[in-house]
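[1] This is the structure alone, sequence omitted:
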C-alpha cells in the first residue's frame, strides 16, 4: 500500500466517523439529570461485591478499586452492597454501614471521587437467607458457614432455605421487620453523612427484600405475605422511610430482579405493577436485573446473551427511568440501547473489572473527542 492510499483511507475513516456524529454527541456521553444530580454521561459502574472487608470497613482495596474506575471516566460508581446490619452481610468480608465508625473511610473515597469529577452512589442491602456464606472463591461446593466457622443466624420471610448449601432462615417477626426497616433508615443517614450522591436499595438477586417479593420464598400469612400488595410492603416501607430521611435533591434508585425465571415466581408482569408504585414513592430509577432467588435446580434455563436483560428495562421504561445491565460490553451496543429508547443509563459490571478505562475506550470508539482524561495519563496516548 502506498503512502497516498494509506492517507486516503485514514481521511475517509475520519470523515465517516465525523459524519456519523455530526448531529451531536453520542447518547452514551450526553449528560442526564435526576433530581439535583447531573451525571456527565450515561455510564454507571454496577455495584459488585469485592468480599474484601473486615468488620464491614472499607480499606485500601476499595480505595484503588473505586478510585481507578472513577478516574476511568464513568459518570457514576455505585459501591457494592453494604450491609445495613451485621447479620445482613452475605459473607464475613462484606462492606457494611451498620455503625457510625464505617463512615470515615467511605467519606475519604467519596471525597476522592468528587475531586476527580465523578459521582458516587452506595447500594444498601440485607442478605436475608443468602447470608453467612463463604466468598465466591472460597466456596468450592461448601457455601454456608457454620457458627463454628464464623457464621451467623440468617433470616427471611419464611423458614425456606435458598438451597441445600445455604442455612435455614429464621422467620422474621413483625417486630423484627420493623427493626430491619429502621436499619435501612439509619444506614441511609450514614450514607448521606459520608457524602454519597445516590442511594440504591438492593431489592434483587434473592436477598432479603427480593425474598419478600417472591411467592416462592414468602409464605407468610400476615401483612407482609400472601397478596402482591403484602409482598411488596417491606420494600415500599423501606423506600418510604429512606426517602423521608435523605435530602430531597438526592436520587434514590432500586435494583429489582425483574424476572425470577421460575413458573411460580416473581415475573416481569409483577415488576410492571411495582414500577408505578415505586415511582410514586419517590424512586427515581429502577436498576433492571433478573434472577437470583431460585436455585439452579428450580430455575428454568436462562438464555444469557449480550444485553439479555435489556428487554426488561425497555418495558419498565414506559413507566419510569431505568438502568440496563447484563453483558453489555461493546460501546456501540451500549449507545444503541440508549438510541432505541430502551434505557436511560447503562450499568457496566464485569467489563469494568476487566477494563477500568472502558469509558475512555468507548469514547474513542464512538468518535467522541471531549472525554475528560486525567492529565497524568494523557501522555500515554489515551
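    All right, it came through fine. On a predicted model such as this, the values are computed, not experimentally measured, just so you know. Numbers count the residues shown, from 1 in each chain.
[2] Helices along the stretch 151-300 of the chain, start to end?
    For the stretch 151-300 of the chain, the helices defined by DSSP state H, counting those that start in this stretch occupy 174-194, 208-213, 228-231, 233-245, 268-280.
[3] Contact partners for residue 321?
    Contact analysis of residue 321 by C-beta atoms under 8 Å, 6 or more residues apart in numbering lists 34, 284-286, 344-345. In this view, the C-beta of every residue, glycine as well, is placed from N, C-alpha and C.
[4] mind running it again at 10 Å?
    Contact analysis of residue 321 by C-beta atoms under 10 Å, 6 or more residues apart in numbering lists 32, 34, 251, 253, 279, 283-286, 313, 343-345.
[5] same thing with residue 182?
    84-85, 238, 241.
[6] which intervals of the chain have sub-threshold pLDDT?
    The chain contains residues with pLDDT under 70 at 1-23, 140-142, 296-301, 382.
[7] quick check, residue 368 in a strand?
    No. Checked against DSSP: H, G, I helix; E, B strand; the rest coil, residue 368 lies outside a strand; its state is coil.
[8] leaving aside the residues next to it on the chain, what's closest to it?
    Among residues not flanking residue 368 along the chain, residue 29 sits closest, at 4.9 Å (C-beta to C-beta, 6 or more residues apart in numbering).
[9] I figured that neighbour hits residue 366, correct?
    Yes. Between residue 29 and residue 366 there is a contact under C-beta atoms under 10 Å: 7.2 Å.
[10] Those two: who's more crowded?
    residue 29 (24 against 21; other C-beta atoms under 10 Å).
[11] Residue 361 versus the more buried one, what's the distance?
    Distance of residue 29 to residue 361, given as C-beta to C-beta, to the nearest Å: 12 Å.
[12] intersection of neighbour lists for these two?
    73, 331, 371.
[13] Can you get me a residue count around residue 96?
    Using other C-beta under 10 Å, residue 96 is surrounded by 23 other residues.
[14] show me what contacts the spatially closest residue to it that is not a sequence neighbour?
    Distances taken as C-beta to C-beta, 6+ apart place residue 56 nearest to residue 96, at 2.5 Å, with adjacent residues excluded. Applying C-beta under 10 Å, 6+ apart, we find residue 56 in contact with 82-83, 85-86, 88-89, 92-99, 101-102.
[15] Quick check: the gap between the residue nearest to residue 368 and residue 118.
    According to C-beta to C-beta, residue 29 stands 14 Å off from residue 118.
[16] ditto for residue 325
    19 Å.
[17] Residue 211 now?
    Counting by C-beta to C-beta, the gap from residue 211 to residue 118 is 33 Å.
[18] Quick check on the two: which one has the bigger neighbour count.
    Between residue 211 and residue 118, counting by other C-beta under 10 Å, residue 211 is the more crowded of the two (30 against 25).
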